[in-house]
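1. With the sequence up front, the predicted model follows.
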Amino acid sequence: MLKAIQVGVGGFGLSWFELLQSYQQAEVVAIVDPLETNVQAALKRANRSVLSFDSLAEAIEKVEADFVLIVTPPTTHADLAKTAIKAKLHVMMEKPLTDTLEEGKALLAFTNAHAQKVMVSQNYRYHPQIQTIKELLDQQVIGKVEYGDYYFNRATRFGGWRDEYADILLQDMAIHHFDILRFLLEKEAVEVTAASFRPSWSWFKGMPNAHVEILFEEEVRISYTGRWAGKGRKTPWNGELRLVGEKGAIELVDDRVYVYKAEEDEPTEIQLKTSLLPDRLLSLDAFVAAIHHDTVPPTSIEDNVKSLELTWAAIEAAKSGKKWTC
Ligand SMILES: NC(=O)c1ccc[n+]([C@@H]2O[C@H](COP(=O)([O-])OP(=O)(O)OC[C@H]3O[C@@H](n4cnc5c(N)ncnc54)[C@H](O)[C@@H]3O)[C@@H](O)[C@H]2O)c1
């Protein structure tokens, strides 16, 4: 069983820690977090002995481990990952890869000079709805996708670091949806236009709402609308998605997947793929397999920097009001 040092046991880190208590292929041997209340909350949920530290450097010095799991705010990701890599530990980290694209590219260059595996957990790819849509696309059920719409609408109050971000929807949330699009289409973005804005009632200081038009390779056009200070009917976290091809359309609505054949008005609901593990553990499984077999994990830093590039293309396009060429 692999040994992990988990860095960050806040909101999402605590739920990672809970998930890992029943995971068969890796165990958390130490946690790192400067916030004592969060450390205590995690230790209460531990079902085996776990050490705790204030800093990753100290944990690395005192504990033997195979990898580091980073679940801290994005501003800390690059430095923590470098500390782990320098100590010859593999790295699994939460999205977004880094706080800025510049940091992401620098971390990729640093990683390329080392043998360790670095993977970003883009867990939404492993949601059953997304896996089901991928299978339908692979089976050519609607033929080649030519265009699509993506719609996300929630009103989420986190407090903390998210409230301070300039483009919070694009940086922290839309990256999931952009990564899903790259995964489903197996294409990269070539041009992006965008507008992000802050409604008067927003509790976020930055822009929680955005419209993004993405032109992917081979002329696939996607229109994305995301709202994190939204009103009205909420979408699930996956959002709602429609992909349209010559033979029909695939729709994701309320976390249910439908296929419309071109000549039919009524959709067929598709049974979702099932899996024994939740999305994050499937993602972790892929990382663990890459370590054991010395292969490149599916959402490796090399791949993930492209989702970060798309995010930053949208941020730059929104800022400049101009079309951004990727
Ligand atoms: N994949 C998903 O669905 C999903 C969902 C939520 C959050 N996230 C990601 O998880 C990460 C953490 O988000 P969160 O909501 O848990 O944040 P949070 O603010 O709730 O928790 C962050 C924790 O990290 C600790 N921390 C900060 N700097 C540290 C450092 N240098 N060393 C060790 N610990 C440090 C804080 O004390 C805190 O306990 C972010 O990258 C976020 O985008 C992903």
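-> Yep, that arrived.
2. Which one of the residues in the stretch 151-300 of the chain is closest to the ligand?
-> Gly160 (4.7 Å; CB to the nearest ligand atom). C-betas here are computed from N, CA, C, even on glycine.
3. For that residue, give me the pLDDT.
-> Gly160 is assigned 91 on the pLDDT scale.
4. And the spatially closest residue to Tyr260 that is not a sequence neighbour, how close does it get to Leu185?
-> Distance criterion CB to CB, 6 or more residues apart in numbering; nearest residue to Tyr260, sequence neighbours excluded, is Ala249 at 4.4 Å. From Ala249 over to Leu185 the distance is 14 Å, taken as CB to CB, to the nearest Å.
5. picking up where we left off before, the residue nearest to Tyr260 pairs with what?
-> For Ala249, the beta-bridge partners are Val244, Tyr260 (DSSP bridges).
6. Show the secondary-structure elements that the helix or strand of the chain with the lowest mean pLDDT is packed against.
-> Using mean pLDDT, DSSP states H and E, strand 324-325 stands out as the lowest-scoring helix or strand of the chain, at a mean of 92. With contacts defined as 3 or more CB pairs under 8 Å, 6 or more residues apart in numbering; DSSP states H and E, strand 324-325 has these neighbours: strand 189-197, helix 301-320.
7. Would the longest one count as contacting the ligand?
-> No. Using CB under 6 Å from any ligand atom, no contact is recorded between helix 301-320 and the ligand, whose separation bottoms out at 11.9 Å.
8. Mind listing what's buried along the helix or strand hosting Lys3?
-> Under the criterion of DSSP states H and E, Lys3 resides in strand 2-7. By 16 or more other CB atoms under 10 Å, the buried positions in strand 2-7 come out as Leu2, Ala4, Ile5, Gln6, Val7.
9. Please identify which pair of these lies farthest apart.
-> Leu2 and Val7 (15.7 Å; CB to CB).
10. can you tell me the residue of the stretch 1-150 of the chain closest to the ligand?
-> Closest approach of the stretch 1-150 of the chain to the ligand (CB to the nearest ligand atom) occurs at Gly10, with a separation of 1.9 Å.
11. list the contacts for that residue?
-> Asp33, Leu35, Asn38, Val71, Thr72 (CB atoms under 8 Å, 6 or more residues apart in numbering).
12. would you turn the residues you listed into a markdown table with neighbour count, distance to Phe17 and pLDDT?
-> Output for the contacts of Gly10, formatted as a markdown table (neighbours: other CB atoms under 10 Å; distance: CB to CB, whole Å; pLDDT from 0 to 100):
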| residue | neighbour count | distance to Phe17 | pLDDT |
| --- | --- | --- | --- |
| Asp33 | 24 | 10 | 98 |
| Leu35 | 12 | 14 | 97 |
| Asn38 | 19 | 10 | 97 |
| Val71 | 23 | 8 | 98 |
| Thr72 | 23 | 13 | 98 |
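13. among the residues you listed, which two are most distant?
-> So, these by CB to CB: farthest apart are Leu35 and Val71, at 12.7 Å.
14. was I right about Pro298 contacting Leu284?
-> No. Counting by CB atoms under 8 Å, Pro298 does not reach Leu284; the two are 12.0 Å apart.
15. Just want to know which of the two has more residues nearby.
-> Leu284 (28 against 17; other CB atoms under 10 Å).
16. List the residues that contact the more buried one.
-> By CB under 8 Å, 6+ apart, the neighbours of Leu284 are Tyr23, Gln25, Ala26, Met92, Ser121.
17. Most widely separated two among these?
-> Once CB to CB is applied, the contacts of Leu284 give Gln25 and Ser121 as the farthest pair, at 14.6 Å.
18. With neighbour numbers in mind, choose between the two.
-> Taking neighbours as other CB under 10 Å, Gln25 and Ser121 compare with Ser121 leading, 25 against 15.
19. State the phi and psi torsions of that one.
-> For Ser121, the backbone dihedrals (degrees, to the nearest 10) come out as phi -80, psi 90.
20. Let me know the pLDDT of it.
-> Predicted confidence (pLDDT) for Ser121: 96.
21. same question, the one 10 residues further on
-> What the model reports as pLDDT for Gln131 is 97.
22. Could you do Leu170 as well?
-> 96.
23. same check, this time on Arg256
-> pLDDT, Arg256: 98.
24. next one: the one 5 residues further on
-> Lys261 carries a pLDDT value of 93.
25. tell me the contacts of the closest residue to it other than its chain neighbours?
-> Nearest non-adjacent residue to Lys261, counting by CB to CB, 6+ apart: Gly248, 4.5 Å away. For Gly248, the contact set (CB under 8 Å, 6+ apart) comprises Val141, Ile142, Gly143, Val259, Tyr260, Lys261, Ala262, Glu264.
26. Now which of these would you call buried?
-> Val141, Ile142, Val259, Tyr260.
27. want to throw those into JSON lines with distance to Pro96?
-> As requested, the buried ones among the contacts of Gly248 are arranged in JSON lines below (distance: CB to CB, whole Å):
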{"residue": "Val141", "distance to Pro96": "32"}
{"residue": "Ile142", "distance to Pro96": "30"}
{"residue": "Val259", "distance to Pro96": "32"}
{"residue": "Tyr260", "distance to Pro96": "33"}
